[in-house]
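**Q** Let's see this in three dimensions:
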Amino acid sequence: MIEDERLEQIIRSKNYIEHVPELLEGIQDLNWPNASRIVDFLKPRAREVYPFVKNVLTTNDEMWIYWVLSKLVSSWPNEIVIFLEEDLIVLAENLDIFLETDLLSIEILLNNNLISHQYTRELLENKEAYIRGEIGKFQPELIDEFIELENIRIEILLTDVSQIVDYVKENSKKLHIKDKYEALHRFLKSVQDILMKLDN
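**A** Purely as a prediction, here's the structure:
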């Protein structure tokens, strides 16, 4: 998180490049103060920024990677993105069902003609098969419980919001499993959307 005064100091600096790692840390969460201003400052400076972005892409911080990919790399020209090709392929071959950084990497690679449609299809079909297998492990009784939990949550929100904290505490384990189940379905839909684009 970078405060206003510090950001102004960096922006006015002649040697702003030495502060790029600090600026990138300021977009680990785009809800932080000045995160959008930092994106606006870094976006047009792709040539100077991409070597530092390579370091971010090799971290285990999926949220940070997501913001860097979606707010910077996805808007950069091909002649810069090509320097990130290997890192993007590594991300594309991983699996990230919650933030979908793997799918975002695939789309960036596709948009910059850095990955073949055939290899993309293989990657996506493997992901699709794996996700279907994971979804298939959820028993019908458990899915019914998820539906009931959602009905209770909606009822609380419509009647007495103050009960939501107790609801989360009492059902934390099942809610965590429910989140994964829903994330798997969202991920599957995203995979199918990209496969449809390949067919068009």
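
**Q** For the longest helix along the chain, name the packing helices and strands.
**A** Taking DSSP state H as the assignment, the helix of the chain that covers the most residues is helix 172-199. When contacts are defined as 3 or more CB pairs under 8 Å, 6 or more residues apart in numbering; DSSP states H and E, helix 172-199 packs onto helix 101-111, helix 117-136, helix 140-159. Backbone N, C-alpha and C define where each C-beta goes, glycine included.

**Q** Pull the helix or strand following the last one out as CSV, backbone CA atoms only.
**A** Using DSSP states H and E, the helix or strand that follows helix 140-159 in sequence is helix 164-170. Once non-C-alpha atoms are left out, helix 164-170 reads as follows in CSV (Å, rounded to 0.1, in the frame of the first residue of the first chain):
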residue,chain,number,x,y,z
ILE,A,164,-24.8,-13.5,9.3
VAL,A,165,-21.7,-13.7,11.5
ASP,A,166,-23.1,-16.6,13.5
TYR,A,167,-24.3,-18.3,10.3
VAL,A,168,-20.7,-18.2,8.9
LYS,A,169,-19.2,-19.4,12.2
GLU,A,170,-21.6,-22.3,12.5
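
**Q** Now helix 164-170: buried residues?
**A** Tyr167 (16 or more other CB atoms under 10 Å).

**Q** what sits up against that helix?
**A** 152-153, 156-157, 175 (CB atoms under 8 Å, 6 or more residues apart in numbering).

**Q** And the average pLDDT for the longest helix of the chain is what?
**A** Here helix 172-199 scores 96 as its mean pLDDT.

**Q** buried sites along it?
**A** So, applying 16+ other CB under 10 Å, buried residues of helix 172-199: 175, 177-178, 181, 183-184, 187-188, 190-191, 194.

**Q** of all those, which comes closest to Glu85?
**A** Ile194 (18.3 Å; CB to CB).

**Q** mind checking how far the residue nearest to that closest one when sequence neighbours are not counted is from Tyr66?
**A** Nearest residue to Ile194, sequence neighbours excluded (CB to CB, 6 or more residues apart in numbering): Leu124, at 5.9 Å. Here Leu124 is placed at a distance of 19 Å from Tyr66 (CB to CB, to the nearest Å).

**Q** Also Ile115?
**A** Distance from Ile115 to Tyr66, by CB to CB: 19 Å.

**Q** now Thr101
**A** 5 Å.

**Q** These two - which one has more neighbours?
**A** It is Thr101, of Thr101 and Tyr66, that has more neighbours when counted by other CB atoms under 10 Å, with 24 against 17.

**Q** Can you verify my assumption that that one contacts Val73?
**A** No. The pair Thr101 / Val73 is not scored as a contact, 10.9 Å apart, by CB atoms under 8 Å.

**Q** Of the helices and strands packed on helix 172-199, which is nearest Asn171?
**A** Taking these one by one with CB to CB, helix 140-159 is closest: 6.0 Å.

**Q** Which strands and helices lie in contact with the closest one?
**A** Secondary elements touching helix 140-159 (3+ CB pairs under 8 Å, 6+ apart): helix 164-170, helix 172-199.
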